[in-house]
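Novice: what follows is a predicted structure for the sequence shown.
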Amino acid sequence: MMSDGKSPIDFWNKFILDGNLEALSQIYFKYYDLLFDYGQRHIFDRQLVEDVIQDVFINLIDTRKSIGIVRNLNGYLFSTFRRQLFLNVNKQKKSILTEKFPEEHFEYFKSQEQDILQNENKEQLYSTVQHCIEKLSDKQREIIFLRFEREISYEEIALTLNISVDSCYKSTYRSIKIIRSEVEKVLGKQANIILLFLCRLYP
């Protein structure tokens, strides 16, 4: 919930229907940190990620009248942001004549979070989860992150990553299977994978 007890979709609809920029600013401040965090898991360039977020919201203003019905705002904004991120990255790479940024790269854990993982008596649990996540491919890590950390639906993840919903389900299944296998190697078969995976990865 946001100010006035309204949900993000309420503000979104007010922006789409009436062009209310104050409503859009509520969306902006609600999602800025989430989009920034997501962007830095793809590329550690603070200024570039900030510029992409600005571009996304400017484009929303410019294209408001042509935007269709949005049923899942999380999925729509993450998908729009991701497309704009790689568009800007590729433009930047071309301008400085360097190789194309690898779109498949995705860091589940950032350096600050890796430091936090070492705290208190949960060190073994967190380090085990981190070890398991690192066994996944970049695409699998991104799907797991969007599904369980950002609670985006499989349909919206498929749209964001330009894959089929079936592929999204299969990738998640394979990821959980890999995580279960790695957890059992470290903690034994009595380990509760559901508890391990669904717990917060950092305090």
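Specialist: Alright, I've got the coordinates. No experiment lies behind these values; they were computed from the predicted model shown. Numbers count the residues shown, from 1 in each chain.
Novice: alpha carbons only for contacts and neighbour counts from here, please
Specialist: OK.
Novice: list the contacts of the residue nearest to Val52 when sequence neighbours are not counted.
Specialist: Nearest residue to Val52, sequence neighbours excluded (CA to CA, 6 or more residues apart in numbering): Leu85, at 5.8 Å. Leu85 makes contacts with Gly39, Val49, Val52, as judged by CA atoms under 8 Å, 6 or more residues apart in numbering.
Novice: tell me the one of these nearest Gln130?
Specialist: Gly39 (19.7 Å; CA to CA).
Novice: helix or strand for that closest one, which one?
Specialist: helix 21-40 (DSSP states H and E).
Novice: distance between that helix and the chain's centre?
Specialist: Put simply, helix 21-40 sits 13 Å off its chain's centre (CA atoms, centre = their mean, to the nearest Å).
Novice: closest to Ser25 out of the contacts of Leu85?
Specialist: Val52 (15.9 Å).
Novice: what's the neighbour count on the closest one?
Specialist: 23 (other CA atoms under 10 Å).
Novice: mean pLDDT per helix and strand in this structure: which one sits at the bottom?
Specialist: helix 193-198 (a mean of 43; mean pLDDT, DSSP states H and E).
Novice: domain assignment for the chain?
Specialist: The chain breaks down into these domains under automatic domain parsing: 3-95, 111-198.
Novice: worst average pLDDT in the ones you listed?
Specialist: Mean pLDDT is lowest for domain 111-198 out of the domains of the chain, coming in at a mean of 74.
Novice: can you pull out the helices in the chain?
Specialist: 8-18, 21-40, 46-63, 73-95, 111-116, 123-134, 138-144, 154-161, 165-187, 193-198 (DSSP state H).
Novice: next, the angle from the first one to helix 46-63.
Specialist: Counting by axes from the mean of the first three to the mean of the last three CA atoms, to 10 degrees, helix 8-18 lies at 50 degrees to helix 46-63.
Novice: ok, the second one next?
Specialist: Here helix 21-40 points in a direction 140 degrees away from that of helix 46-63 (the same axes, to 10 degrees).
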